[in-house]
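1. Sequence and predicted structure are below.
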Amino acid sequence: MDRIYKAVVSVLIVVICLYGATVSAEDYPRDAFGEGKRYASFQVGYGEGLSFGFMGQGDGRTVEYLATFPSFGVGISDIVADDSWFRGNVDVVLEGEFITGFKP
């Protein structure tokens, strides 16, 4: 039952990631990106270990952790290629990564 649970969770994570990759940049307001625009974000995630059977000396399935990713970004260019599929701008982003383990 534990394997089925982890397989279902893994499939859901992949589906969510693929959905995020298909969202169009046109879904965002036109004034959200550009030179001098600032933004901040904060991501939090909880994870359980996954073992492929060939890593480490212990059982990776017993690992539990909490990860946080605060970030701050500033646009350093205006939007380029406005009518193209690669429309976008250049940002400078400062991001921290904090991970703490609970088990083992």
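-> All right, it came through fine.

2. where does this structure dip in pLDDT?
-> Along the chain, the parts satisfying pLDDT under 70 run over 1-2, 17-30, 51-61, 103-104.

3. all strands for it, in order.
-> In the chain, strands defined by DSSP state E lie at 38-48, 64-75, 91-95, 98-103, listed in chain order.

4. So for Trp85, which of those sits nearest?
-> Trp85 lies closest to strand 91-95 among the strands of the chain, at 18.8 Å (CB to CB). Quick note: C-beta positions are derived from backbone N, CA and C, even for glycine.

5. What's the local residue count around Leu94?
-> 10 (other CB atoms under 10 Å).

6. Look up how far Ala7 lies from it.
-> Leu94 sits 36 Å away from Ala7, taking CB to CB, to the nearest Å as the criterion.

7. Name the stretch among the strands of the chain that sits most buried.
-> Ranked by mean neighbour count, those are led by strand 64-75 with a mean of 14 (mean count of other CB atoms under 10 Å).

8. That strand relative to strand 98-103, how many degrees between them?
-> Counting by axes from the mean of the first three to the mean of the last three CA atoms, to 10 degrees, strand 64-75 lies at 170 degrees to strand 98-103.
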